[in-house]
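Undergrad: A structural model of the following input is requested.
(one chain, ligands or ions: 1)
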Amino acid sequence: MTAVMANGNWDPSLSGLLASLEESRRQLPSSEEEFGFLSGLLQSKELHALVKVHNKILENGKDDKLNPVLSSSMQVAVEVLEVILPRLGRSELCKELFLLLQKPHLQGLMCAHDAVAQKDYFPRLPEIPLDVEEDEETIKIVQLVKSNEPLGATIKSEDDTGKIVIARVMHGGAADRSGLIHVGDEVVEVNGINVEGKTPNDVLAILQASEGTITFKLVPADGRSGCRESKVRVRAHFDYSASADPYIPCKEAGLDFLKGDILHIVSQDDAYWWQARKEGDRNMRAGLIPSRALQERRILHERQQEDKTDSEGTNLEGEICTGVKCVGAERLLPSPCSSTSHCSRPPKIKKILYDLTEADDFMREEVATYEEVAKLYPRPGLYRPLALVGPPGVGRNELKRRLISTDPSKYRSPVPFTTRSIRPGEIEGKDYYFVSREVMEEDVAAGKFIEYGEYKGNLYGTSVESVLSLINAGYVCILSPHYQALKMIRTAQIKPYIIYIKPPLFDTLKETRTAAYARSTFDKENSRGFTDDELREMIHRGRRIEFMFSHFFDEEIVNADLSSAFESLVRIAISVETDPQWVPASWVQ
Ligand SMILES: Nc1ncnc2c1ncn2[C@@H]1O[C@H](COP(=O)(O)OP(=O)(O)OP(=O)(O)O)[C@@H](O)[C@H]1O
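TA: Residues are numbered from 1 along each chain as shown. Below is the predicted model:
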């Protein structure tokens with residue numbers, strides 16, 4: 001026997017295995033290479049260490065010597081991360097703990113701890129009964145043991161033959177992980193009961209009444225093999241509740257999510273029902289969500305219905321059912337078992353830039369469902385611009401000015417261009433870039449401006465180049481673009497972090513603006529307070545902006561109390577600088 005094994009500490013079962021391997025070496029049909037591999041493995045220190053750990057766990061588990069204090073250390077770690085996140089800027093200790101808890105080694109340790117604490121390695125499967133008839137070589141027998149986890153597969157009865165088949169296997173669920181159950185497998189027997197001629201509900205009833213292990217006899221589907229998990233992540237642009245969806249093939253298999261949630265799409269095999277997990281969710285089993293194509297059809301249909309004034313009757317059901325076979329016909333197999341600012345005030349030109357009242361309906365063509373995203377990691381010295389959008393008068397410029405005044409050497413706003421002539425005291429390149437109308441019109445036509453407009457016969461605008469030069473010079477560029485310029489700035493080149501400044505409800509809006517003697521920005525010639533109509537208009541505009549552009553927003557700040565809104569802005573600005581962010585996948589190469 002080899003030197004390593006001569007060591008008295010070596011596990012006796014491993015030594016025994018190796019000895020019998022060597023003894024029967026000649027009778028084995030294996031090649032020299034295969035033998036060498038196996039014998040090397042049995043003698044490896046890694047395997048020995050693993051066996052030792054395994055034995056120790058079993059030994060300690062036997063007489064309940066060690067009881068875990070908790071079995072969800074990963075969950076606790078995530079909660080701690082959330083709690084300390086807002087304190088990162090203020091405490092070095094918080095920062096250190098934040099980094100520590102994200103280290104893969106520590107997370108691996110906590111995962112392993114939880115698996116052991118939850119006894120995830122139990123139970124052991126009993127021997128498979130081998131009383132299989134001779135002509136049943138194409139039958140597979142799958143035995144599952146009760147646990148708290150659902151099986152993660154759905155069944156349906158086939159339209160033409162009435163056979164019960166596995167309709168869907170949810171990625172990461174118990175069935176998928178077993179590697180034994182595949183889509184298309186025909187269910188012949190459950191616990192010795194023949195299911196021929198039975199409905200999916202009958203089969204469910206058998207399963208629910210069963211206790212202990214459950215044995216399936218399955219005819220394997222031809223040529224099926226497990227599909228590899230996709231890596232696609234998307235941001236959802238709508239709320240989804242499976243229980244409220246009349247068209248989902250199986251409500252219990254659905255995954256609920258909220259607008260803004262990041263979803264890991266693990267399978268797009270079905271054109272209408274994708275399988276997804278929520279990013280960061282420890283539940284490995286994927287759930288069903290409507291595919292992009294299906295959701296787009298639904299939204300378009302809903303819009304058509306809204307637009308229809310006459311009632312021709314809705315037939316959404318018919319329309320979707322044509323595309324999605326077996327709607328509602330699948331059954332999920334249960335568990336087999338169970339200010340005063342010193343920055344000069346920029347000129348008020350924005351509100352005239354796109355002032356075609358309500359001319360923004362063109363955006364309604366866009367159907368926001370899911371957007372593919374990827375993580376963008378912060379790069380020191382190269383900061384994402386912050387773009388504050390909102391209805392005119394809501395306070396974007398006020399917040400921008402306050403943020404810049406906290407550190408003018410860090411936060412900057414791009415210098416605008418104008419075709420008007422320079423006035424006494426103004427400095428070229430500081431107040432404005434003064435250019436001729438011909439030059440500016442040419443540049444506008446060439447798409448060099450993120451926004452522009454005309455006021456009293458002169459053009460004003462902000463160029464893409466001036467934004468990029470601030471970014472490249474290491475500043476945090478602060479923009480307050482008109483909302484219709486959002487599409488222009490939301491590019492891989494600029495990578496803006498878009499913050500929606502939302503007006504509060506009318507009473508609060510009126511109260512806060514009156515208390516602060518806020519000046520209306522609607523009538524440039526008169527510096528006066530906001531009228532009720534103007535405040536209502538602000539709220540109305542806000543709603544339209546949300547309707548059209550909310551899928552572009554990274555954050556939202558309700559500008560009720562100005563100092564709270566400003567605090568939120570500062571907190572967001574710090575986190576954009578330091579934390580990884582989900583951005584459109586095309587921005588990350
Ligand atoms: N939360 C608040 N409470 C009280 N007053 C506010 C608040 N936010 C902003 N204001 C005041 O409201 C007025 C309009 O704000 P601001 O000029 O920043 O609006 P804006 O969104 O930039 O609009 P515009 O695009 O028309 O310039 C200013 O007098 C500002 O000081």
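Undergrad: so which residues of the stretch 1-150 of the chain form strands?
TA: Using DSSP state E, counting those that start in this stretch, the strands found in the stretch 1-150 of the chain span residues 140-144.
Undergrad: residue in the stretch 1-150 of the chain nearest to the ligand?
TA: residue 86 (21.1 Å; CB to the nearest ligand atom). Glycine gets a C-beta too; all of them are placed from N, C-alpha and C.
Undergrad: and that residue, how close does it get to residue 567?
TA: Separation of residue 86 from residue 567 (CB to CB, to the nearest Å) stands at 10 Å.
Undergrad: now swap in residue 280 and tell me
TA: Taking CB to CB, one finds residue 280 at 26 Å from residue 567.
Undergrad: more crowded one of those two?
TA: Neighbours per residue, other CB atoms under 10 Å: of residue 280 and residue 567, the larger number sits with residue 567, 12 against 9.
Undergrad: just checking, the more buried one is part of a helix?
TA: Yes: checked against DSSP: H, G, I helix; E, B strand; the rest coil, residue 567 lies within a helix.
Undergrad: per-residue pLDDT of it, please?
TA: Per-residue pLDDT puts residue 567 at 96.
Undergrad: go on, residue 449?
TA: Residue 449 is given a pLDDT of 93.
Undergrad: where does the stretch 151-300 of the chain dip in pLDDT?
TA: Along the stretch 151-300 of the chain, the parts satisfying pLDDT under 70 run over 223-229.
Undergrad: now the helices for it?
TA: For the stretch 151-300 of the chain, the helices defined by DSSP state H, counting those that start in this stretch occupy 174-178, 200-209, 292-307.
Undergrad: and among these, the most buried is which?
TA: Highest mean neighbour count among the helices of the stretch 151-300 of the chain (mean count of other CB atoms under 10 Å): helix 174-178, with a mean of 21.
Undergrad: that one - contacts with which helices or strands?
TA: With contacts taken as 3 or more CB pairs under 8 Å, 6 or more residues apart in numbering; DSSP states H and E, helix 174-178 sits against strand 140-144, strand 164-169.
Undergrad: what's the most buried one of those?
TA: The highest mean neighbour count among the helices and strands packed on helix 174-178, using mean count of other CB under 10 Å, belongs to strand 164-169: a mean of 24.
Undergrad: okay, angle between that strand and helix 200-209 too, please.
TA: Relative orientation of strand 164-169 and helix 200-209, computed by axes from the mean of the first three to the mean of the last three CA atoms, to 10 degrees: 80 degrees.
Undergrad: so what touches strand 164-169?
TA: If you take CB atoms under 8 Å, 6 or more residues apart in numbering as the criterion, strand 164-169 is touched by 152-158, 175-176, 181-187, 195, 198, 200, 203, 218, 221, 249-250, 253, 270, 273, 275, 288, 326, 330.
Undergrad: beta-bridge partners for residue 382, please?
TA: residue 379 (DSSP bridges).
Undergrad: residue contacts, residue 95?
TA: By CB under 8 Å, 6+ apart, residue 95 lies in contact with residue 88.
Undergrad: how near is it to residue 571?
TA: Residue 95 is 15 Å from residue 571, by CB to CB.
Undergrad: what ranges do the helices span in the stretch 401-550 of the chain?
TA: Taking DSSP H, counting those that start in this stretch as the criterion, the stretch 401-550 of the chain contains helices spanning 437-445, 464-472, 486-489, 506-515, 532-549.
Undergrad: by contact count, what packs against the first one?
TA: In terms of contacts (3+ CB pairs under 8 Å, 6+ apart), helix 437-445 is packed against strand 449-455, strand 458-463.
Undergrad: now it, how far from the centre of its chain.
TA: On the basis of CA atoms, centre = their mean, to the nearest Å, helix 437-445 sits 41 Å off its chain's mean C-alpha point.
Undergrad: now do the contacts for residue 391.
TA: Contacts of residue 391 (CB under 8 Å, 6+ apart): 483, 503, 537, 538, 539, 540, 541, 542, 545.
Undergrad: show me the strands in the stretch 301-450 of the chain, by range?
TA: Ranges of strands in the stretch 301-450 of the chain, per DSSP E, counting those that start in this stretch, are 331-332, 370-376, 386-389, 411-412, 417-418, 433-434, 449-455.
Undergrad: I'd say residue 419 and residue 461 touch.
TA: No: the pair residue 419 / residue 461 is not scored as a contact, 9.2 Å apart, by CB atoms under 8 Å.
Undergrad: which neighbours do those two have in common?
TA: In terms of CB under 8 Å, 6+ apart, residue 419 and residue 461 are both contacted by the residues residue 440.
Undergrad: coming back round to it: sort out for me which of the contacts of strand 164-169 are in strands.
TA: Counting by DSSP state E, these place 153, 154, 155, 156, 157, 186, 187, 218, 273, 275, 288 in strands.
Undergrad: dump these into TSV; add neighbour count and distance to the ligand as well.
TA: Converted to TSV, the ones in strands among the contacts of strand 164-169 look like this (neighbours: other CB atoms under 10 Å; distance: CB to the nearest ligand atom, whole Å):
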residue	neighbour count	distance to the ligand
153	26	53
154	25	51
155	26	56
156	20	55
157	23	60
186	17	64
187	23	62
218	23	64
273	25	43
275	28	43
288	27	42
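Undergrad: turn those residues into TSV, columns for distance to residue 398.
TA: Converted to TSV, the ones in strands among the contacts of strand 164-169 look like this (distance: CB to CB, whole Å):
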residue	distance to residue 398
153	56
154	54
155	60
156	59
157	64
186	67
187	66
218	67
273	47
275	46
288	46
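Undergrad: tell me the one among those residues nearest to residue 410.
TA: Comparing the ones in strands among the contacts of strand 164-169 against residue 410 with CB to CB places residue 275 closest, at 44.2 Å.
Undergrad: might you report the residue contacts of that closest one?
TA: Contacts of residue 275 (CB under 8 Å, 6+ apart): 168, 170, 171, 265, 266, 267, 269, 286, 287, 288, 289.
Undergrad: what's the spacing between it and residue 286?
TA: 4 Å.
Undergrad: who touches both of the two?
TA: What both residue 275 and residue 286 touch, as defined by CB under 8 Å, 6+ apart, is the set 170, 171, 266, 267.
Undergrad: I'd like these as CSV, with distance to the ligand appended.
TA: CSV is the format used below for the shared contacts of residue 275 and residue 286 (distance: CB to the nearest ligand atom, whole Å):
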residue, distance to the ligand
170, 47
171, 46
266, 42
267, 44
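Undergrad: ok, and the closest non-adjacent residue to the residue of the stretch 1-150 of the chain closest to the ligand?
TA: Excluding the flanking residues, the one nearest residue 86 by CB to CB, 6 or more residues apart in numbering is residue 571, at 6.3 Å.
Undergrad: can you tell me the helix or strand for that neighbour?
TA: For residue 571, the element it lies in under DSSP states H and E is helix 562-578.
Undergrad: name the strands paired with the helix or strand that that helix is followed by and say parallel or antiparallel.
TA: Next along the chain after helix 562-578, taking DSSP H and E as the criterion, comes strand 581-584. Its sheet considered, strand 581-584 pairs with strand 370-376 (antiparallel) by DSSP bridges.
Undergrad: just the residues contacting the partner strand, thanks.
TA: Here strand 370-376 makes contact (CB under 8 Å, 6+ apart) with 232-237, 262-263, 265, 292, 295, 384, 495, 551, 580-588.
Undergrad: so how far is it off the chain centroid?
TA: 8 Å.
Undergrad: go through it and flag the buried ones.
TA: 370, 371, 373, 374, 376 (16 or more other CB atoms under 10 Å).
Undergrad: show me the beta-bridge partners of the second one.
TA: When bridges are taken as DSSP bridges, the partners of residue 371 come out as residue 235.
Undergrad: so it versus the ligand, what's the distance?
TA: Going from residue 371 to the ligand by CB to the nearest ligand atom, to the nearest Å gives 27 Å.
Undergrad: and the residue nearest to residue 86, how many neighbours?
TA: Using other CB under 10 Å, residue 571 has 16 other residues around it.
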